[in-house]
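Trainee: Predicted coordinates and the sequence they were generated for:
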Amino acid sequence: MCGINGIVGMDDTGLARKIINTMNDTLAHRGPDDHGVFVEPTIALGHRRLSIIDLSSAGHQPMFSHDQRYCITFNGEIYNFAELKSQLDNYPYTNQTDTEVILAAYQRWGTACLEKLDGMFVFAIWDKVEKELFIARDRLGIKPLYFFKQGEKLLFSSEIRSLLKSEVIPRKLNDQALVDYLRYQTVHAPNTIIKDVEMLMPGHFMIFKNGSLKINEYWNSVKNKVKHSELDRKNYNEIKKKVSELLHEAVDERLMADVPLGAFLSGGIDSSIVVGLMSRLSDQKVNTFSVSFAEEELDESEYAEMVSKKFDTNHTEIHLTPDDFLDYLPNALNSMDHPSGDGPNTYVVSKVTRESGIVVALSGLGGDEVFAGYDTFKQLRKLIDNRWILQLPVYLRDLAGLLIKKIKPGSISTKINKVLSLKDWDVNSTYPIMRQVLHEDQLKLLLDRDKLAPNSVLEILEEYNLNGNTNNGLPMLSKISVAELSTYMQNVLLRDTDQMSMASALEVRVPFLDHQLIEYVLAVPDKYKYPSIPKKLLVDATEGLLPREVFDRPKMGFTLPWEKWLKDDLKTFCDIQLCNLGKRKEFNASEIDELWRSFLNENGKVGWARIWILVVLSYWLTKNNIDD
């Protein structure tokens, strides 16, 4: 795991070298083990290395092909590199890294090499003969890639802050992305919070040559190799067995490393399964890490300890008090490469894990999205099952929605009111409402405008055509999984995991986001995936692995006691940030004050998440000197 940078189209090599070194220095936290640059007319590539495979100096990057034609800078891991190396055995290898295997694969297969790579990655390859740059991002978007194009120049990096440090990019707020952030606590790719800075989408590659940029897709979750009709003919035992095999393979290949490994263990189903499979597959005792709280209603340490004892792991419990969190918070916020409503919890557990000597940690991230674990799956399926309500006159549904909103004001009742007014209850129309943080009326007041930017989540789902006939007949729950994976997972959870773990130079691997596992599970019929309880297929596929107590309890989730902290220990900090935000021309200061007062008055209308996204945004914009 590393950090990469690049500049194409800058004729002044002296200036390019200065800028690429500055960008590299900005990414020092991502790669403390080594650094390097390659500069010649029109191209500059930079790299910061976190050594995982082949710890020797032979893994230095940027790395050249044996004939010196291609130069690569690479961030990530290719889990099947040993298998690919055996297929490419005529290449004169000089080291044991997966980086050199990518060079060999690209030299043999060109862009088609992406279909053969199994891993999490972003890499850039410069062709010195054709003067062409090839950049690719992994299928699920586990590793990030930001870029800025201006005329015939292209700058790219693993982080936005590195691009900003180049001083080439105007520090301007993306006005449309601001609306997206306030709606969903993030900005959905390809957009970012910075004007003219974009992300390369997951499952895509780009080619930049002679000032021209072309972007192509090579994978997405809907264009599935596994057909729903094929699995509909299989019995449940066959499907359980296949899921079990895929899970074992996904965990096994992610144990590949020449450095100490560990795992995040919350005590929930997903992380516990990962730890259980690691213990089965590893010949060494597993190192596990969890966070515990003084607030009993949020504390899962009892279950984490239970799982740890069952698998005899070296367990570290991080007991977090409000004072501890206040100590961590400044560094956590300073580590945010892009503003987000989530992330500090990952920062804390990553920091302690890295300080314990662990360089690679496995996570249970993705289990809920792939195996229908969120309440969203239950709620949307219930709506679909009750479509008869849509036969009622519109005025009756509107009246019911208004009554619910009046009797119990708040975010949930506002969403119910909106859903009741819809013409249909398909995934495209309902999912964007279910995931929204601030609703439309609040946004118009906050930003003091009559018209808002289009809803990015709706646009993403429409592009996937989930309600059409071109998605291999995806089951309903799988359509919701696609929605989760392409929005919340990609743009909140994965982005936060990357920026917060790499702040401590910790690599996080996510077995549940193995693309072969996802392709298979998306084709599984609903009757097998969620017949009675959430994640039943996952539970049954790992039968006998975990204590029953881990399954037979309410879902808690990995969260922090924000509600209490924002009203007590963090109140002054929030006051300052909200005041600063109100001074920006985009915002209505009086509406910010009203939201803050409503939250502090505990009337139930405003939850902590709506306040925190404003606080984080204000802090990030100020720290990074972003202009209105």
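Mentor: The structure has been received and is ready for your questions. Nothing here was measured: the structure is a model prediction, and the numbers come from that model.
Trainee: three-state assignment of I4?
Mentor: Classification of I4 using DSSP: H, G, I helix; E, B strand; the rest coil returns strand.
Trainee: Skipping its backbone neighbours, what lies nearest it in space?
Mentor: Spatial nearest neighbour of I4, chain neighbours left out: T73 (4.3 Å); criterion: C-beta to C-beta, 6 or more residues apart in numbering. Backbone N, C-alpha and C define where each C-beta goes, glycine included.
Trainee: sec struct for that neighbour, please.
Mentor: Going by three-state DSSP: T73 is strand.
Trainee: Same question for the one 4 residues further on.
Mentor: Local secondary structure at E77 is given as strand here, using three-state DSSP.
Trainee: can you check Y91 too?
Mentor: Applying three-state DSSP: Y91 is coil.
Trainee: Just the pLDDT at it, thanks.
Mentor: You'll see Y91 listed with a pLDDT of 95.
Trainee: For it, what are phi and psi?
Mentor: phi -80, psi 130 (degrees, to the nearest 10).
Trainee: Over to L200?
Mentor: Dihedral pair for L200: phi -70, psi 130, per degrees, to the nearest 10.
Trainee: same question, the one 4 residues further on
Mentor: Here the main-chain torsion angles of H204 (degrees, to the nearest 10) amount to phi -130, psi 160.
Trainee: so how far is N220 from it?
Mentor: Taking C-beta to C-beta, to the nearest Å as the measure, H204 and N220 are separated by 9 Å.
Trainee: quick one: which of the two has more around it?
Mentor: Neighbours per residue, other C-beta atoms under 10 Å: of H204 and N220, the larger number sits with H204, 23 against 18.
Trainee: ok, how many other residues are close to the residue nearest to that one when sequence neighbours are not counted?
Mentor: In this structure, H204 finds its nearest non-sequential neighbour in E217, 5.2 Å apart by C-beta to C-beta, 6+ apart. For E217, the count of nearby residues is 11 (other C-beta under 10 Å).
Trainee: tell me the domain ranges of this protein?
Mentor: Domain assignment for the chain by automatic domain parsing gives 2-217, 562-623.
Trainee: any idea which of those is most buried?
Mentor: domain 2-217 (a mean of 20; mean count of other C-beta atoms under 10 Å).
Trainee: so how far is it from its chain's centroid?
Mentor: Distance, stretch centre to chain centre, for domain 2-217: 18 Å (C-alpha atoms, centre = their mean, to the nearest Å).
Trainee: First-to-last residue distance for that domain?
Mentor: 24 Å (C-alpha to C-alpha, to the nearest Å).
Trainee: one step back: now the residue nearest to H204: how far from K149?
Mentor: E217 is 19 Å from K149, by C-beta to C-beta.
Trainee: As a check, name the ranges of all helices in the stretch 351-500 of the chain.
Mentor: Under the criterion DSSP state H, counting those that start in this stretch, the stretch 351-500 of the chain carries helices at the ranges 367-370, 375-385, 394-407, 411-420, 427-434, 440-447, 456-464, 476-484, 494-502.
Trainee: mind checking which of the ones you listed is nearest I613?
Mentor: Closest approach to I613 among the helices of the stretch 351-500 of the chain is made by helix 440-447 (10.9 Å; C-beta to C-beta).
Trainee: For that closest one, what does the pLDDT average out to?
Mentor: Over the span of helix 440-447, the pLDDT mean works out to 94.
Trainee: thinking again about what came up before, tell me how far the residue nearest to H204 lies from L452.
Mentor: In terms of C-beta to C-beta, E217 sits 28 Å off from L452.
Trainee: next one: R30
Mentor: On the measure of C-beta to C-beta, R30 and L452 end up 35 Å apart.
Trainee: Next one: the closest residue to M256 other than its chain neighbours from P339, what distance?
Mentor: Once flanking residues are discounted, M256 sits nearest to Y79: 6.1 Å by C-beta to C-beta, 6+ apart. Look at Y79 and P339: by C-beta to C-beta, they are 31 Å apart.
Trainee: show me the contacts for the residue most central in space within the chain.
Mentor: By C-alpha atoms, centre = their mean, the chain has its centre lying nearest to L494, at 1.4 Å. With contacts taken as C-beta atoms under 8 Å, 6 or more residues apart in numbering, L494 has the following neighbours: 140-142, 365, 510.
Trainee: Among those residues, list the two that are farthest apart in space.
Mentor: Across the contacts of L494 (C-beta to C-beta), the longest gap, 12.4 Å, separates G141 and L365.
Trainee: need the least confident one among the domains of the chain, by mean pLDDT.
Mentor: The lowest average pLDDT among the domains of the chain, as it happens, falls on domain 562-623, at a mean of 92.
Trainee: Centre of the chain to that one, how far?
Mentor: Using C-alpha atoms, centre = their mean, the offset of domain 562-623 from its chain centre is 25 Å.
Trainee: How far does that domain stretch from one end to the other?
Mentor: Note: domain 562-623 ends 22 Å apart using C-alpha to C-alpha.
Trainee: try stretch 530-544
Mentor: Using C-alpha to C-alpha, the two ends of stretch 530-544 sit 19 Å apart.
Trainee: Could you do stretch 20-35 as well?
Mentor: End-to-end for stretch 20-35, by C-alpha to C-alpha: 11 Å.
Trainee: So what touches that stretch?
Mentor: 1-7, 37, 39, 44-51, 55, 57, 59-61, 75, 157-159, 161-163, 165-166, 335, 502-505.
Trainee: mind listing which of these are in strands?
Mentor: Using DSSP state E, the subset of the contacts of stretch 20-35 located in strands is 2-7, 37, 39, 44-49, 75, 157.
Trainee: Which of those residues sits closest to V259?
Mentor: Nearest to V259 among the ones in strands among the contacts of stretch 20-35, with distances taken as C-beta to C-beta, is R49, at 12.3 Å.
Trainee: shouldn't the closest one be in contact with H60?
Mentor: Yes. Here R49 reaches H60: they are 7.3 Å apart, a contact under C-beta atoms under 8 Å.
Trainee: overlap in contacts of the two?
Mentor: Jointly contacting R49 and H60 under the rule C-beta under 8 Å, 6+ apart are 34, 36.
Trainee: Could you dump the domains of the chain into CSV with distance to S244 added?
Mentor: Listed next are the domains of the chain as CSV, based on distance: least, C-beta to C-beta, whole Å:
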stretch, distance to S244
domain 2-217, 19
domain 562-623, 36
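Trainee: closest to D540 out of these?
Mentor: Within the domains of the chain, the stretch nearest D540 is domain 2-217; the backing value is 24.4 Å (C-beta to C-beta).
Trainee: roughly how far apart are G357 and N287?
Mentor: 8 Å.
Trainee: Check L399 too.
Mentor: 57 Å.
Trainee: From the centre of the protein, give me the residue that's furthest out.
Mentor: In the chain, by C-alpha atoms, centre = their mean, P393 is the one farthest from centre (41.0 Å).
Trainee: Which stretches in the stretch 101-250 of the chain count as helices?
Mentor: Assigned by DSSP H, counting those that start in this stretch, the stretch 101-250 of the chain shows helices spanning 160-165, 175-184, 228-232, 236-253.
Trainee: which stretch among those comes nearest C574?
Mentor: Using C-beta to C-beta, the helices of the stretch 101-250 of the chain put helix 175-184 closest to C574, at 16.4 Å.
Trainee: hmm, back to that, of L399 and N287, who's got more company?
Mentor: N287 (21 against 12).
Trainee: Am I right that L178 is in contact with E586?
Mentor: Yes. If you go by C-beta under 8 Å, L178 and E586 touch, sitting 6.3 Å apart.
Trainee: Overlap of the contact sets of those two?
Mentor: What both L178 and E586 touch, as defined by C-beta under 8 Å, 6+ apart, is the set L447.
Trainee: re earlier: how about the domains of the chain, which one is nearest F293?
Mentor: domain 562-623 (10.1 Å).
Trainee: contacting residues for D54?
Mentor: 95-97, 258.
Trainee: Which residues are in contact with K623?
Mentor: 333-334.
Trainee: For it, give its distance to L446.
Mentor: K623 is 21 Å from L446, by C-beta to C-beta.
Trainee: Next: A257.
Mentor: 46 Å.
Trainee: What of I592?
Mentor: Separation of I592 from L446 (C-beta to C-beta): 7 Å.
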